[in-house]
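Enquirer: what follows is a predicted protein model with its sequence.
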Amino acid sequence: MAKTGNKNIQAKLVLLGDMGTGKTSLVLRFVKGQFYDYQESTIGAAFFTQVLSLNEATIKFDIWDTAGQERYYSLAPMYYRGAAAAVVVYDITSMDSFERAKKWVQELQRQENPNLVTVLVANKADLATKRLVENEVGEQYAKENGLLFFETSAKTAQNVNELFYEIAKRLAKASPSRPAGMKLHNRSQEAGRRAFCCSS
Ligand code: G3D
Ligand code: MG
């Protein structure tokens, strides 16, 4: 529990990236601590919440897990607009997914939201024998573009909590001190968006 006087932060977080890169699996690992070998494809987008308590703040994440298919592409801005953090995921066994991740990064950069905490995530690190995107390549791209970078495995849980903790820490640092209980978010706008939500 947060100590009295701590910051309470509500933060919208969006996951972007090709279908099959493991976005839903990363969220389920973070929110439920589980991994499913057979993970159903996300339709449209799915909504999850998770609370992380740091010493200095409590962060409530509103997580939008997007589908990744081209046919949902035009919906993406609805999910990343107003986001405090964006997690762009690729699969280390797919060069195409890395190229797609770069496109998402460029699109986010065009939004000119300097406060957006953007993370590049190289998922499926457990599949080292099938690796096609070297760690250094992802890391270098992230560095050049001012992104945080993590290699993760939703399957083994490698770096998954670390990824969300790092985001939480950045958000806590960036957020001005304010009395606990005060919301940073306009809930009435969110309510409309939830109509698109499928599962939690
Ligand atoms: P998406 O939400 O980005 O579309 P999913 O991706 O989370 O649906 O995952 C796509 C497939 O990759 C799923 O397998 C899932 O189990 C697998 N996967 C996700 N993360 C990892 C990981 O870190 N390591 C490994 N080895 N597999 C992972 P299926 O078989 O259902 O397609
Ligand atoms: Mg999914």
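Expert: Cool, got the structure. Numbers count the residues shown, from 1 in each chain. Ligands and ions are numbered 1, 2, ... in the order given.

Enquirer: hmm, the strand or helix carrying Gln10 touching ligand 2?
Expert: Element membership for Gln10 (DSSP states H and E) is strand 7-17. No - Strand 7-17 is not in contact with ligand 2 by CB under 5 Å from the ion; minimum separation 8.2 Å. All C-beta spots, glycine's among them, are computed from the backbone N, C-alpha and C.

Enquirer: and the helix or strand just after that strand, how far out from the chain's middle?
Expert: Moving toward the C-terminus from strand 7-17, the next helix or strand (DSSP H and E) is helix 23-32. Here helix 23-32 is found 10 Å from its chain centre; the criterion is CA atoms, centre = their mean, to the nearest Å.

Enquirer: could you pull out the buried residues of helix 23-32?
Expert: Going by neighbour count (16 or more other CB atoms under 10 Å), the buried part of helix 23-32 is 23-31.

Enquirer: near ligand 1 too, which of the residues you listed?
Expert: 23-25 (CB under 6 Å from any ligand atom).

Enquirer: same for the strand holding Gln10, what does it pack against?
Expert: Helices and strands touching strand 7-17, by 3 or more CB pairs under 8 Å, 6 or more residues apart in numbering; DSSP states H and E, are helix 23-32, strand 57-66, helix 76-80, strand 85-91, helix 95-110, helix 160-174.

Enquirer: for the chain, give me the ranges with low pLDDT.
Expert: By pLDDT under 70, the weakly predicted segments of the chain are 1-5, 177-200.

Enquirer: near ligand 2, which residues of it?
Expert: 23-24, 42.
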